[in-house]
Every structure is written in structure tokens, then in C-alpha cells.
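A.B. asks: coordinates only, sequence not included:
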Ligand SMILES: *[C@@H]1O[C@H](CO)[C@@H](O)[C@H](O)[C@H]1NC(C)=O
């Protein structure tokens, strides 16, 4: 028991050190400060201005940032902010790339205006009037993408008026910026959120909304009012949340039970607090390689001088395009391309998958097919390269090879032996008998 508690204490110490080590690696983020240009309203497209800014991230207000706080000369000192993120969401190593790395994390910061939402599943959050005094502050929304392009973080920060000391009040994160899935598999689109427990906005409920967007076409996938624990009526079939994880850990990940072709597109996870909102967008692509079949199979024997038509059908793939081609592997074991054949247009099946085929004319007068070999249909697709093959035999080939000649000699010997054996059996017990018979006849 004492051993156990010692181990327990030691691991606790280790964890604390680890947490401290992590918190000390909070980055200084270069960020674009983007806002609408003041005094130039009226146009349809609001003019925006863009300025370089710097965010010093830390997990603890009392912990002063170790870096010398002199900003680079190209950054306006007014655009240098100190952001306290107690959850350490912005202290991800991937937001802090190794020096000299070409890929840079992306960051944008905008002024944010807290306001109540009229959406049916969000409106209940602001039913009771909240301390408006708390809202009278400087609010920013930030959006970060790591340099590996795997993760996206959006935050809402608050600074008491006229200070540059921001606190993260809400952060929404996705670790699946781009998801690829095979058809029929369950899909998890990651989305998690954190709310500052010391904020008066925490504990008064939240709402989660998932929207789908594809080529200007949008629809609601799922909306959940966390205050009333109620899902909106309109909801896509097979889409769900882990409600327990949502309430206990802020796990708002969307689960699609079975990937279908029409699920490909952009998904936006939006988390609402009273007056606040933050969202992250991610891309889902359903990628299914084709199944190939060759007709006719097996191929009939090929007669020199006559053409033989082979067809290859690729079906059940998504998305477009597909690249179809033919290959021939002769007796020498070397593969040669035979071109793409005549490729048909694609057709779409009821489930959204595509099919396409190609036809190849095999002709011994234009192609050196030798005694035959292997004819393959090759389909190059983002889901993987697929291949199907059939054996081609050419008959009546003029010059037999050594193997053929030896086989012929072998066959001739066997036949000779067989004929001999049969003649012995039918004419008596052997050559002696035959001799006796001859003598009798004489
Ligand atoms: C969120 O919930 C899903 C579904 O239960 C689970 O697979 C995933 O691991 C959870 N994510 C986190 C960060 O806990």
C-alpha cells in the first residue's frame, strides 16, 4: 500500500513537472489583426485593414512571460497583446514550429462584439439578463491553424477596457482539419470546447451546432441546446454526438455512423455561450477506390491476324476523376504500357459512386504480343491504384521456343510409348507371341 502511494505521489510530481514544462513552452504568436476600416462603411464589401500583431501566450496571469517584451520593429506596440489561456489550448507545440521551418502556423485576430443569438437552440441562453457590465470590455476572436495543417483553434478573449491583457473565455478546437474516409465506415469529426470556469458566462448553458457546406449549398446537420438538453427537430439521419462527453469534457465531436458519398464537404462546428460564439471548420472527403473487372474473362485464345476486344469496368468509386490504362506483360516479364484504350464517360449510381470503363483492341499485327502474357487494367485513383489482370494466349505462333520444342519432343516420346504399350496389350503378351503367330501362319 505504501509502495503504491509512493508511486502515486511520484507520478503526480512528474505530471506537475510535465505541466509546468508544457506551460513554459507557450508560444509568442505572430498574428494578423484584421478589422473593418472605420468611417468607410456603406459599400457592399466592407473594406478591411490588416496589421501585424503579436500575442504573448501564457497559462497563468502571475507568470510573467520570460521573453524580453520588446516587439519587433515592424509591429505596432499597440498591437502587442498578452493572452492568458488557463487551459493551455494555445500552447500546442504545433503552433510553435521549430526555428527555420518553412510551414508557418496561421493566425488571425479580429475585434468581436458579444451579442445574443436569435437561433432557436441558442436564444434560451440569453433569456435571463446577464451582467452586462461583464460584457463591457474589449473582446477579440482569434483563429489559429497549426503549421502541420492538422489542427484549428478558435478563441474568444476578453480584456478589461483599455488593457491589453486578454483572457481566453471560450476556445473551440478541432484536431481533424481534414478527414478522409472509406465508404460505409463510421466517421468522427473532432470538435472540443473549453469555457473559463471563472467567467460569469460559464455554467449558464451552451449550445452546439454542426453545419454542412458544399459549393454554396448549406444545411444544418445537428443542433443541440445544452441548457434544455434538447436536439433540434431537424437533424440528419445517422449523425449524433457523445452527449455524456459533451457535458463532462466539452467533447462536441460529430459522429456519422456510416460514410456516404454525399457527406463529402465542409463541416462547421459552432459552440455558443450566452452572447459568445466560436467556430471551427473542417473538411471531410469520402474516398473509395474502384473495383475492377475485365470482360471477357478468361480471354479466348487469340488467333494472329484477328483482333480481340477486352473491356475493363471500374465501379463504385468516388470522387472523380479516375485514370484508366492498360499494360501488357510478356514472357520476358517486362511490362509495357498499351495506352488508355477508348475510355467511356462516367456514370453515377444511386449511392453517388461512379463507374467508368475502357475498351482495348488487341491486334497482333500492330502490337508485339509474342506468345501472349498478362493483360492488366490499371486504375489510378486518390483512394489507391487498383489493378486487374487476365492471361492472353496467342495460338499458331510461328517460331516455337526451346521450351516448346522440348515439350513437343516430350509429348512425342510419351505418345510413342503409349502406342507401343497399347499395341502389345492388344496383339498378345509381347513381341515373342507375335513371332510365334507369324510362324504358325506360315
Ligand atoms: C470525443 O468523443 C468521441 C465519441 O465518443 C470519441 O471517439 C473521442 O475520442 C472523444 N474525444 C476526446 C478528445 O475525448
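C.D. replies: On my side now, so go ahead. Everything quoted here is computed from the prediction, not taken from an experiment.
A.B. asks: mind listing the strands the helix or strand in which residue 379 is found pairs with, and their directions?
C.D. replies: Assessed by DSSP states H and E, residue 379 sits inside strand 372-380. Looking at strand 372-380 with DSSP bridges, its partner strands are strand 323-329 (antiparallel), strand 386-393 (antiparallel).
A.B. asks: what residues of the helix or strand just after the first one count as buried?
C.D. replies: In the C-terminal direction, the helix or strand that comes right after strand 323-329 (DSSP H and E) is strand 335-339. By neighbour count, with 16 or more other C-beta atoms under 10 Å as the criterion, the buried positions of strand 335-339 are residue 338. Placement of C-beta: from N, CA and C, glycine included.
A.B. asks: tell me what strand 335-339 is packed against?
C.D. replies: strand 323-329 (3 or more C-beta pairs under 8 Å, 6 or more residues apart in numbering; DSSP states H and E).
A.B. asks: what about the strand it packs on, average pLDDT?
C.D. replies: Average pLDDT, strand 323-329: 94.
A.B. asks: what do you get for stretch 198-207?
C.D. replies: 88.
A.B. asks: end-to-end on it?
C.D. replies: Using C-alpha to C-alpha, to the nearest Å, the end-to-end distance of stretch 198-207 comes out at 19 Å.
A.B. asks: quick check: buried residues in that stretch?
C.D. replies: Neighbour count says stretch 198-207 has 199, 201, 202, 204, 205, 206, 207 buried, by 16+ other C-beta under 10 Å.
A.B. asks: in the stretch 301-442 of the chain, what residue lies closest to the ligand?
C.D. replies: Using C-beta to the nearest ligand atom, the closest approach of the stretch 301-442 of the chain to the ligand is made by residue 383 at 23.7 Å.
A.B. asks: can you redo the strands paired with strand 372-380 as a markdown table with distance to residue 193 and mean neighbour count?
C.D. replies: Putting the strands paired with strand 372-380 into a markdown table (distance: least, C-beta to C-beta, whole Å; neighbours: other C-beta atoms under 10 Å) gives the following:
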| stretch | distance to residue 193 | mean neighbour count |
| --- | --- | --- |
| strand 323-329 | 42 | 18 |
| strand 386-393 | 41 | 16 |
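A.B. asks: got the ones you listed as CSV, with distance to the ligand columns?
C.D. replies: Putting the strands paired with strand 372-380 into CSV (distance: least, C-beta to the nearest ligand atom, whole Å) gives the following:
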stretch, distance to the ligand
strand 323-329, 35
strand 386-393, 31
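A.B. asks: got the ones you listed as CSV, with distance to residue 92 columns?
C.D. replies: Formatted as CSV, the strands paired with strand 372-380 follow (distance: least, C-beta to C-beta, whole Å):
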stretch, distance to residue 92
strand 323-329, 38
strand 386-393, 38
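A.B. asks: show me what the most centrally placed residue in the chain bridges to in the sheet.
C.D. replies: Geometric centre of the chain, nearest residue: residue 180, 2.2 Å, by C-alpha atoms, centre = their mean. Residue 180 has these beta-bridge partners by DSSP bridges: residue 285.
A.B. asks: quick one: it and residue 117, what's the gap?
C.D. replies: Separation of residue 180 from residue 117 (C-beta to C-beta, to the nearest Å): 33 Å.
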